[in-house]
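In: kindly return the folded structure for what I paste below:
(one chain, ligands or ions: 1)
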Amino acid sequence: MNTAPFPVRTLWPNPDGHSVNVIDQTALPHVFRIARLTTLEEAAYAIRSMQVRGAPLIGVTAAYGLALALRQQSGGDTLENASALLEATRPTAVNLHWALARMRARLLPLPANRRADAAWEEAGRIAEEDVEQCRRIGEYGLALLEPIAGRKSGRLEIMTHCNAGGLAALNHGTAIAPVYAAFRAGIDVHVWVSETRPRNQGLLTAWELRQHGVPNTFIADNAAGLLLSRGQVDAVIVGADRVAANGDVANKIGTCLKALAAREAGVPFFVAAPRSTFDFSRAAGADIPIEERSGDELRLLHGLDEKDAGKMAGKAVRQLPSCQAVFNPAFDITLARLVTAFITERGACAATAESLLSLYPEERNA
Ligand code: MRU
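Out: From the prediction side, this is the model:
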C-alpha cells in the first residue's frame, strides 16, 4: 500500500519488541495518524473502536494483542484471559477468532517463560502470511479481470463496497488487490467506491486508491443499482468477514444488495478472501453471528467543519436525538448462489461447499 512518506503497512512491530504501531483509521482520510499499542487493553480498544478494522488486520492485531499481554504478564491465566478479552471485541470477522485459536495452539504447550517471545514470533508469521496471501489474491484476481478487460474497448469498471483494500489487511488488501494488480499491469481500470454508511469505509477506499493514483469515483450506496442496471460496471469485487462452509458470505452491511443488483444486471460478483476468512465450522450464513454496533453510528455524522477544514479537526454532528430508536447491524449475508466466484490465495473457485473443499482439502476431515 502506498502511504508515502509513511510506512507501507497498516501495522508494524517496533524494534523495542514491546509495542506495535498501527495506522489509526479513525483519523483517516483527514489526518494520517499513527497509534502505538503497548498493552493488551490498547490492542482491544484499537479493534473495538475501529482504529484498526478489516477482517485480516483485526486478526493480526489480536495476535499481537495476545503477545503484548504476555509481555505484561506471562504466567497464570494470562493466555486464556487475554484471549477471552480479544475474542469479545468484534464477533463477525472470523480472522480474529482464527488468529487467536492459532496463537493458543502454538503457545499453550509452552512453559510460561517462553510464551511471550513465541507469541511475538507467531504474530509476526501471521502478519507475513497475510501479506503474501493478499499478494496472491491480487494475482489470481488479475487473471479473472484480464479477459473481462480484453473483451471491451473502454476502461475496466469495477465496483466495490466498504474498504477491503490495503487498509483492511497488512498491505495489498483483498478485494482491491486485483485492482492494484490490474493497474500495475497497465489495464485502464476505474473503481466505483460506495460510501458504506454508516461508518463510511468507502472514504478509506477512495483515499488509498488516490494514494496509488488509481482512478475512482465515490458514490452514495444507493447509486449502485442505477450504475449496475445501466451497464456501467463490469465486475463487483468485495471482501468478506466470514464465509460459511456452503459459500454464504458475511460482509459489510449493504453487500447483499449489491450482489442482488449485480445478479439482475448479469454482472459478475466476486468475493476475495484469504484462508483465515473461511469458517468451515459454520454450515451456512445463518449460523454466522452478526455484530450490532452502537446506534450513535447512525445518530451522529462525523467530518470536518467546511469553514474550518484547514484545521483538520474532526467534528460530530447530531442528526437524530439520542432517544431515537435505531438498528445498526454491521454486516449482512450474501447467499452463495449470488457469488460468481471466490478469489483466494490458492486460486479462484465456485461458491459451493465442494469447490471450497477442493481448494482446501485439509478441511475435509478436520
Ligand atoms: O467493520 P469493518 O470496517 O471492519 O468491516 C470490514 C469489511 O466488511 C470488509 O469488507 C471485510 O473485512 C473484508 S476486508 C479484507
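In: can I assume Trp12 is in contact with Asn21?
Out: Yes. The pair Trp12 / Asn21 is scored as a contact, 5.6 Å apart, by Cβ atoms under 8 Å. All C-beta spots, glycine's among them, are computed from the backbone N, C-alpha and C.
In: ok now do His18, which residues does it touch?
Out: For His18, the residues meeting the contact criterion (Cβ atoms under 8 Å, 6 or more residues apart in numbering) are 38, 68, 71.
In: if you set the cut-off to 6 Å instead, what comes out?
Out: Arg71 (Cβ atoms under 6 Å, 6 or more residues apart in numbering).
In: name the nearest residue to the residue at minimal distance from the centre of the chain, sequence neighbours excluded.
Out: Within the chain, the residue whose C-alpha comes closest to the C-alpha centroid is Gly54; the distance, by Cα atoms, centre = their mean, is 2.6 Å. Using Cβ to Cβ, 6 or more residues apart in numbering and skipping residues adjacent in sequence, the residue nearest Gly54 is Ala168, 2.4 Å away.
In: could you check the pLDDT of the one you found?
Out: pLDDT, Ala168: 98.
In: count of neighbours near it?
Out: Other residues near Ala168 number 30, with proximity taken as other Cβ atoms under 10 Å.
In: repeat that for Ser358.
Out: Ser358 has 14 neighbours, counted by other Cβ under 10 Å.
In: ok but it is inside a helix, no?
Out: Yes. According to DSSP: H, G, I helix; E, B strand; the rest coil, Ser358 belongs to a helix.
In: list the contacts of the nearest residue in space to it that is not next to it in sequence.
Out: Leaving out its chain neighbours, the residue that sits closest to Ser358 by Cβ to Cβ, 6+ apart is Cys349, at 6.8 Å. By Cβ under 6 Å, 6+ apart, the contact set of Cys349 is 342, 355, 359.
In: in the sheet, who's paired with Cys349?
Out: Listed by DSSP bridges, the beta-bridge partners for Cys349 are Phe342.
In: near the ligand, anything from the helix or strand containing Leu70?
Out: In this assignment (DSSP states H and E), Leu70 forms part of helix 55-72. Yes. For a cut-off given as Cβ under 6 Å from any ligand atom, helix 55-72 has contacts with the ligand, namely 55-56.
In: next structured bit after that helix?
Out: Moving toward the C-terminus from helix 55-72, the next helix or strand (DSSP H and E) is helix 78-87.
In: need the per-residue pLDDT for the closest residue to the ligand within the stretch 201-350 of the chain.
Out: Among the residues of the stretch 201-350 of the chain, Gly239 lies closest to the ligand, at 2.6 Å counting by Cβ to the nearest ligand atom. Gly239 is assigned a pLDDT of 98 by the prediction.
In: how far away is it from Ala118?
Out: Counting by Cβ to Cβ, to the nearest Å, the gap between Gly239 and Ala118 amounts to 30 Å.
In: so for those two, which sits in the more crowded spot?
Out: Taking neighbours as other Cβ under 10 Å, Gly239 and Ala118 compare with Gly239 leading, 32 against 16.
In: now do the contacts for that one.
Out: Each residue near Gly239 by Cβ under 6 Å, 6+ apart is listed here: 164, 174-175, 272.
In: now with 8 Å?
Out: For Gly239, the residues meeting the contact criterion (Cβ under 8 Å, 6+ apart) are 54-55, 162, 164, 168, 173-175, 251, 271-273, 277.
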